[in-house]
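Q: Let's see this in three dimensions:
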Amino acid sequence: MEKELEMDKELDQVIYIGLMGAGTVGTGVLKVLLKNETSIAKKVGARLEVKRILDKDVEGISAKVAALGMDGSIVTSDINDLVLDPEIDIIVEVMGGIQTAEKFIIKALENGKSVVTANKDLIAARGKELFDVAAAHQVYLLFEASVAGGVPIIQSLKESLAGNVIHSIMGIVNGTTNFILTKMTQEKKSFDEVLALAQKLGYAEADPASDVEGYDAARKVAILASIAFNTRVTDTNVYVEGITNITDRDIAFAQELGYGIKLLGIAKEENNEIEVRVHPAMIPLNHPLSSVNDAFNAVFVEGDAIGKTMFYGAGAGELPTASAIVGDLIAAARNIQFSSRGRLGCTCFEHKRIKSIGEIRTKYFLRMLVKDQPGVLASIAAVLGNQDVSIETVIQKRQKDKFSTELVLITHQVEEHHIRDAIAIIRSLSSVEKMENIIRVEESD
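A: Next up is the predicted model:
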């Protein structure tokens, strides 16, 4: 009551919201809306009120909602209570998953509701189809929280940087893998040790495959590439490698050579063709992304007008993700206040070819065990030379036993198919005992 009295009379107008899902992120959205109710109302010119909440666990969520000081009876298990309610203007989808979420979002859009979602899996796979439905019904589909949690990168690309031709995006968009690589680097621990710690602390799922194999990051990079280059990119277009093969030896050599190792999502455009990939990469220690540690996310963008800029912050969590969702809610509500419908839709108006991984051009770190005998380096260099691969740096040390030596090379930039052909031959050399690892080396131009 006191809050209502504080508001100006013109803020008595209410924009009603339907919330699909009241787990961690959904609860965060409720907390932010309640905590910042007055300031949000003044920014929008109307109060934002959650009228119905959809969840299968009606009893449990009703108690949870009541504990926040809200009416527990607004929880329902019937989607029609949200999408067919003429008073509800905006739907927030934080259920996750693809099939059911897609079905419910389409139903909401078809019934004239703008939708705010954090669902990266759905946007990466079916974004175009959803945007088509939103455009047909002149409503908004907003998804800031789908990439990098609380880091405001989607709207920045769509609006603040819209005047640029974007040349490249390089991002740390998975907090779990960044936490693991940070701990491996700083505490000299193995991947398995740090993964167990990440699971204990709640940074990694019991089944961590989506994070450590790079699939989560691939979905986010597909979304960023689609927006940055105005062409449709799905998660299936993204080349993906995870971090499970990164060892303490790789990290030690990387640091000795002046690099850090991060799981990077990389998207670049050149001559109207694009490359989109996720893999571990070595980046110079003086690159801004090198200083992004623990579970934080960052996206480094290069545009023709802005030059180089980086967006940094918490990539997940209850309140950071809720921050992005509530920001989208405010944007949708402001547009409703000014009778704007579907002002900012899909920006994928071009059809650019996506390069295969063999066509990308970068530098490579090769670490191998070789026989400690004369002529080995010369034979490997000859193979590389025959495949148009030139060597930039060589380190040879740490005799594992009296017969073996650890050999590390960094190449100059070369198209990946050349290095793959060379490695296939090098593996067959009798002097090479084992190719331990191959890591791409990314350096900002």
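Q: give me the low-pLDDT residue ranges for this structure?
A: Across the chain, the ranges flagged by pLDDT under 70 are 1-10, 342, 398-402, 444-445.
Q: out of all of them, which helix in it is the longest?
A: Assignment by DSSP state H gives helix 318-337 as the longest helix of the chain.
Q: As CSV, could you dump the C-alpha coordinates of it?
A: The C-alpha coordinates for helix 318-337 follow below in CSV (Å, rounded to 0.1, in the frame of the first residue of the first chain):
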residue,chain,number,x,y,z
GLU,A,318,19.3,-16.3,-10.4
LEU,A,319,19.6,-12.6,-10.3
PRO,A,320,22.0,-11.8,-13.2
THR,A,321,19.7,-13.8,-15.6
ALA,A,322,16.7,-12.2,-14.1
SER,A,323,18.3,-8.8,-14.7
ALA,A,324,18.4,-9.6,-18.5
ILE,A,325,14.8,-10.9,-18.5
VAL,A,326,13.4,-7.9,-16.6
GLY,A,327,15.3,-5.6,-19.0
ASP,A,328,13.5,-7.2,-21.9
LEU,A,329,10.2,-7.0,-20.0
ILE,A,330,10.7,-3.3,-19.5
ALA,A,331,11.5,-2.9,-23.2
ALA,A,332,8.4,-4.8,-24.3
ALA,A,333,6.2,-2.9,-21.8
ARG,A,334,7.5,0.5,-23.0
ASN,A,335,6.7,-0.4,-26.5
ILE,A,336,3.2,-1.4,-25.4
GLN,A,337,2.9,2.0,-23.8
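Q: going forward can the numbers begin at 31, since that is how I track them
A: Done: numbering now begins at 31, and the last item shifts to helix 348-367.
Q: what separates the helix or strand immediately after it in the chain from the chain centre, distance-wise?
A: Beyond helix 348-367 on the C-terminal side, the first helix or strand identified by DSSP states H and E is strand 383-384. Remark: strand 383-384 is offset 20 Å from the chain centroid, using C-alpha atoms, centre = their mean, to the nearest Å.
Q: mind listing what's buried in whichever helix or strand comes after strand 383-384?
A: Next helix or strand after strand 383-384 toward the C-terminus (DSSP H and E): strand 391-401. Across strand 391-401, burial judged by 16 or more other C-beta atoms under 10 Å covers 392-400. C-beta coordinates here come from the backbone N, C-alpha and C atoms, glycine included.
Q: Mind giving me the packing neighbours of strand 391-401?
A: Helices and strands touching strand 391-401, by 3 or more C-beta pairs under 8 Å, 6 or more residues apart in numbering; DSSP states H and E, are helix 278-286, helix 406-416, strand 434-441, strand 444-445, helix 446-458, strand 462-471.
Q: Direction included, what does that strand pair against?
A: The strands beside strand 391-401 in its sheet (DSSP bridges) come out as strand 434-441 (antiparallel), strand 444-445 (antiparallel), strand 462-471 (antiparallel).
Q: Send me it as CSV with only the CA atoms.
A: Once non-C-alpha atoms are left out, strand 391-401 reads as follows in CSV (Å, rounded to 0.1, in the frame of the first residue of the first chain):
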residue,chain,number,x,y,z
ARG,A,391,42.8,-19.7,-40.9
THR,A,392,44.7,-19.4,-37.6
LYS,A,393,47.8,-20.5,-35.8
TYR,A,394,48.3,-23.9,-34.1
PHE,A,395,50.0,-25.2,-31.0
LEU,A,396,51.3,-28.7,-31.4
ARG,A,397,52.6,-30.8,-28.5
MET,A,398,54.1,-34.2,-29.1
LEU,A,399,56.4,-36.8,-27.7
VAL,A,400,59.2,-37.7,-30.0
LYS,A,401,62.3,-39.9,-29.9
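Q: how much does it deviate in direction from helix 446-458?
A: 0 degrees (axes from the mean of the first three to the mean of the last three C-alpha atoms, to 10 degrees).
Q: Please compute how far strand 391-401 lies from its chain's middle.
A: 28 Å.
Q: follow-up on the earlier one: buried sites along the longest helix of the chain?
A: Those would be 348-363, 365-366, for helix 348-367 by 16+ other C-beta under 10 Å.
Q: can you check stretch 412-423 too?
A: Counting neighbours by 16+ other C-beta under 10 Å, stretch 412-423 gives 413-414, 417, 419 as buried.
Q: Reformat those as a markdown table; add distance to Glu67.
A: What follows is these, written out as a markdown table (distance: C-beta to C-beta, whole Å):
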| residue | distance to Glu67 |
| --- | --- |
| Val413 | 67 |
| Leu414 | 64 |
| Gln417 | 64 |
| Val419 | 61 |
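Q: For Gly75, which of the helices and strands packed on strand 391-401 is the nearest?
A: Counting by C-beta to C-beta, Gly75 lies closest to strand 462-471 out of the helices and strands packed on strand 391-401; the figure is 49.5 Å.
Q: residues in contact with the closest one?
A: Here strand 462-471 makes contact (C-beta atoms under 8 Å, 6 or more residues apart in numbering) with 275-277, 279-280, 284, 289, 291, 309-313, 392-401, 406, 410, 434, 436, 440, 449, 453, 456-457.
Q: Also stretch 214-221?
A: Contacts for stretch 214-221 (C-beta under 8 Å, 6+ apart): 210, 213, 224, 227, 273-274, 276-278, 281, 285, 290-291, 323.
Q: Which members of those residues occur in helices, if any?
A: Per DSSP H, the contacts of stretch 214-221 map to helices at 210, 213, 224, 227, 278, 281, 285.
Q: related to what we said a few turns ago, looking at the strands paired with strand 391-401, which is nearest to Val177?
A: strand 462-471 (21.9 Å).
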